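J.: quick one: sequence plus predicted model below, questions after.
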Amino acid sequence: MQTALKYGQKALHLEPNDKVILYNIAMIEQKSAELLFAVPVAKRKLAELKRVIAQANHAQKCVILYVSCLWFSNLCLDFSTL
């Protein structure tokens, strides 16, 4: 998961305005948290929990940004041709 996240972050660095990349990063971060919470409690490490919680918070912000961009882009559609 960390490798996928690094590739996503590199892609976002190359295309900082690409909302699809941002969404994909959010999904990677969310899945990382899901995978860690599937691990038995006794095998989890505090550092890993802190990392995935921070990533999940970031993922939530990314999804909100992605959805708001979609919503606002729909408001800007040109209906004059209808």
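T.: Perfect, I can see it now. Numbering: from 1, shown residues only.
J.: only C-alpha atoms from now on, for both contacts and neighbour counts.
T.: Noted.
J.: from the contact counts, what lies against the strand or helix carrying residue 53?
T.: Here residue 53 sits within helix 46-75, counting by DSSP states H and E. For helix 46-75, the packing partners by 3 or more C-alpha pairs under 8 Å, 6 or more residues apart in numbering; DSSP states H and E come out as helix 19-38.
J.: hang on, the earlier thing: give me the mean pLDDT for the helix holding residue 53.
T.: Mean pLDDT, helix 46-75: 80.
J.: how about that helix: buried residues?
T.: 52-53, 55-56, 58-60, 62-63, 66 (16 or more other C-alpha atoms under 10 Å).
J.: how distant is it from the center of its chain?
T.: Mean-position distance between helix 46-75 and its chain equals 5 Å (C-alpha atoms, centre = their mean, to the nearest Å).
J.: got the angle for it vs helix 19-38?
T.: 150 degrees (axes from the mean of the first three to the mean of the last three C-alpha atoms, to 10 degrees).
J.: of all the buried residues of helix 46-75, which comes closest to residue 6?
T.: residue 55 (12.6 Å; C-alpha to C-alpha).
J.: how about residue 39, phi and psi?
T.: With angles defined as degrees, to the nearest 10, residue 39 sits at phi -80, psi 140.
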